[in-house]
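Peer 1: Provide a 3D model corresponding to the input given below.
(one chain, ligands or ions: 1)
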Amino acid sequence: MVLGILRSFLYQCICSIATSGSCAIKPYNQLTLQSGFRKDGSKSDGYVGCGIFFPPDTCSYRLHASCSVLTAELAAVFYALQKIVASHQRLYCIYTDSMSAFEALCHTDKRMHPVAEDILCYMHELQAQGFKILFCWVPSHVGIVGNEQADSAAKAASNVWQSPNPCNDLKIFTTRHIHSLWQELWDLEIRNKLHFIKPRINIWSIIHIRVTDVKLTRLRIGHTRFTHKHLLFGERAPECRTCHINFTAAHILTECPTFNSHRVTYFNSSSPNMKELLGEFPHPHLFDFLKAIGFYHSI
Ligand SMILES: [Zn+2]
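Peer 2: Purely as a prediction, here's the structure:
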């Protein structure tokens, strides 16, 4: 029964801290905590920072642009501990709106975030010195005064974070940078017929039936057996008898009036565009149309 009352008491305290912000003073006294921190990590458009609110002061640090939000959140916790160690008081509560930082601190394994490892080592040192530190999650952007001040500080940081950048953050940053350079080059290829079908260079899902996936890819790049085998055999290119132009995948799918009625039947339009038919999510009736006009087996 005593345990039940204690559990009930702690639950009320935790709820009060998590949901009421400045009202945290009440449970905070009941738990005989002497001081509280609020900390925050922030990332936007190449700027990464973290902020700490230690009433009545705030401090903040700027991290390298490659650092993730999680790294910024953990850096804020680390700096909060550095603030704590300089104090003569021994009982603290650190408030954060980052659930991912909590999870990173709770899951100790070989792939643990390096800053989380530093925090745990630091915590052990502090505990050996008699410090007692609690962590508490608070909801973000709901007007909690300390949290908003830490958030504002994180977005205006000028002091530079002095620790090495986590390797995984650098890998992700480098991959994204290379991807964006590749995208910039691809954005210039507006005359390339593939550009209209796939303007973004993200990875598309495949069709799990191999033969269908191959046919779809051939249509997207515009190279089919029917339209291009003449190059292998040294023959004349196949010509549309209606339009008197060489057959292309685009002509068959979207232009030739011979197949207008089929297009209306399968696509509800006599002039669909190639992106609608062959884009990331191909038209659901594409292959039915190709079978109906007798082109499916010549792709
Ligand atoms: Zn034609």
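Peer 1: so what's Val270 up against?
Peer 2: If you look again at residue 270, you'll see it is Ser, not Val. Neighbour list for Ser270: Asn260, Arg263, Val264 [criterion: C-beta atoms under 8 Å, 6 or more residues apart in numbering]. For glycine as for every other residue, the C-beta is placed from the backbone atoms N, C-alpha and C.
Peer 1: mind listing the helices in the stretch 151-299 of the chain by residue range?
Peer 2: Secondary structure of the stretch 151-299 of the chain by DSSP state H, counting those that start in this stretch: the helices cover 167-187, 193-197, 210-221, 225-233, 249-250, 260-267, 274-278, 286-292.
Peer 1: Show me which of the ones you listed has the highest average neighbour count.
Peer 2: With neighbours defined as mean count of other C-beta atoms under 10 Å, those peak in mean count at helix 249-250, which reaches a mean of 21.
Peer 1: can you pull the buried residues of stretch 52-67?
Peer 2: Residues Ile52, Phe53, Phe54, Thr58, Cys59, Ser60, Tyr61, Arg62, Leu63, His64, Ser66, Cys67 are the ones in stretch 52-67 that count as buried (16 or more other C-beta atoms under 10 Å).
Peer 1: among the residues you listed, which are in helices?
Peer 2: Among these, DSSP state H puts none in helices.
Peer 1: Looking at these, which is nearest Ile299?
Peer 2: Nearest to Ile299, judged by C-beta to C-beta, of the buried residues of stretch 52-67 is Ser66 at 44.4 Å.
Peer 1: Could you count how many residues lie near the closest residue to Ala249 other than its chain neighbours?
Peer 2: Leaving aside its sequence neighbours, Ala249 sits nearest to Gly222 (C-beta to C-beta, 6 or more residues apart in numbering; 4.6 Å). Gly222 is flanked by 17 other residues according to other C-beta atoms under 10 Å.
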